[in-house]
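Visitor: Show me how the following folds:
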Amino acid sequence: MYMQGGCYIYIGQFTRSLSYFDRCIEFCLKYDDFGNLIDRLMWATMIAVLNGETERAKKYFNRVEIIYEENKSQDPKKLFYTCYIFAKANILKTSSRFRSKVLAVEFFKEIFEKKAYHANLYTLSLIFLCELLLDELRLTNDESIVKEIEPLNNNLLEIAQSRKSYLYLAESFLLQGKMYLVTFRTRKARRSFLQAQRIAERHNLDLKELKILLRKEYIYLFLASSSLIFALSVCLNGIEGFVRSMEDSQVQHAFSIS
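Guide: Residues are numbered from 1 along each chain as shown. A predicted model of the protein is given here:
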């Protein structure tokens, strides 16, 4: 069940993945296996966040927190601690408060830099760290953040290539494209987004669930634009916010691409 649930994460089918993790959680509870229980609850927290189910994610995290508090004095390898801060960081990154996002960045950095016990855990921490730094870049336009993101994303690209992970490869190009878009390097952004899309389509990854939200018609539409309205919209609303605003106004019907 655990392996099946994990496989569905990496093709972006989060609802199905959660159903398997819920069964894993029940199994661990039945046998009082708290070491594996906190691990399964940690993954369930992350998946629920990715699936847009924030309240459900918080319920999983509350259970993670209880198990951590009860076992932290008997945690020499910091396994309970790592599960706790990863789950907490996933909750914090959904917050609109700047302070919460800063703490999430610190937790993801800690997991990545210490090369946590689970290889995918520190790779996902790297992805989430890049996403949070991109949010900061969008808000501040601080060029030093670009210098921080680029080596992290290069690291992700190396991991993707070494593991032959198409999900991580698509995520790497997606993050790269977002960085280019926020810094108004639109031609490079377009190339990166299309590379991410091709990889996802070729390997049957769920575009929506992977948050590759910038579908073909939108990419051509707003990357072809150099208007002040476009620039302001991206800065104020973020990339996904700009896409949603176009969906709401049904702009895509006027700019459909075959």
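Visitor: ranges for the strands of the chain?
Guide: For the chain, no strands are identified by DSSP state E.
Visitor: pLDDT weak spots in it?
Guide: Along the chain, the parts satisfying pLDDT under 70 run over 1-5, 10-11, 116-117, 206-258.
Visitor: One more pass at 80, please.
Guide: For the chain, the stretches with pLDDT under 80 are 1-13, 115-118, 204-258.
Visitor: hey, where'd the helices end up in it?
Guide: Using DSSP state H, the helices of the chain run over residues 2-9, 14-30, 34-50, 54-71, 79-92, 98-113, 119-140, 143-163, 166-182, 186-202, 216-223, 228-249.
Visitor: now those helices as CSV including mean neighbour count?
Guide: No exception for glycine: its C-beta is placed from N, CA and C like everyone else's. Converted to CSV, these look like this (neighbours: other Cβ atoms under 10 Å):
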stretch, mean neighbour count
helix 2-9, 16
helix 14-30, 18
helix 34-50, 24
helix 54-71, 17
helix 79-92, 23
helix 98-113, 17
helix 119-140, 20
helix 143-163, 15
helix 166-182, 24
helix 186-202, 18
helix 216-223, 19
helix 228-249, 14
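Visitor: Can you give me every residue that contacts residue 153?
Guide: With contact taken as Cβ atoms under 8 Å, 6 or more residues apart in numbering, residue 153 is in contact with 130, 172, 175, 176, 179.
Visitor: Not counting sequence-adjacent ones, nearest residue to the residue nearest the centre of the chain?
Guide: The residue lying closest to the centre of the chain (Cα atoms, centre = their mean) is residue 128, at 4.8 Å. Nearest residue to residue 128, sequence neighbours excluded (Cβ to Cβ, 6 or more residues apart in numbering): residue 108, at 5.2 Å.
Visitor: do the same with residue 25
Guide: Sequence neighbours aside, residue 40 is the residue nearest to residue 25 in space, at 5.0 Å (criterion: Cβ to Cβ, 6+ apart).
Visitor: show me what contacts the one you found?
Guide: Counting by Cβ under 8 Å, 6+ apart, residue 40 touches 2, 21, 24, 25, 28.
Visitor: Quick check, the fourth one in contact with residue 41.
Guide: Yes: with contact defined as Cβ atoms under 8 Å, residue 25 reaches residue 41; the gap is 6.3 Å.
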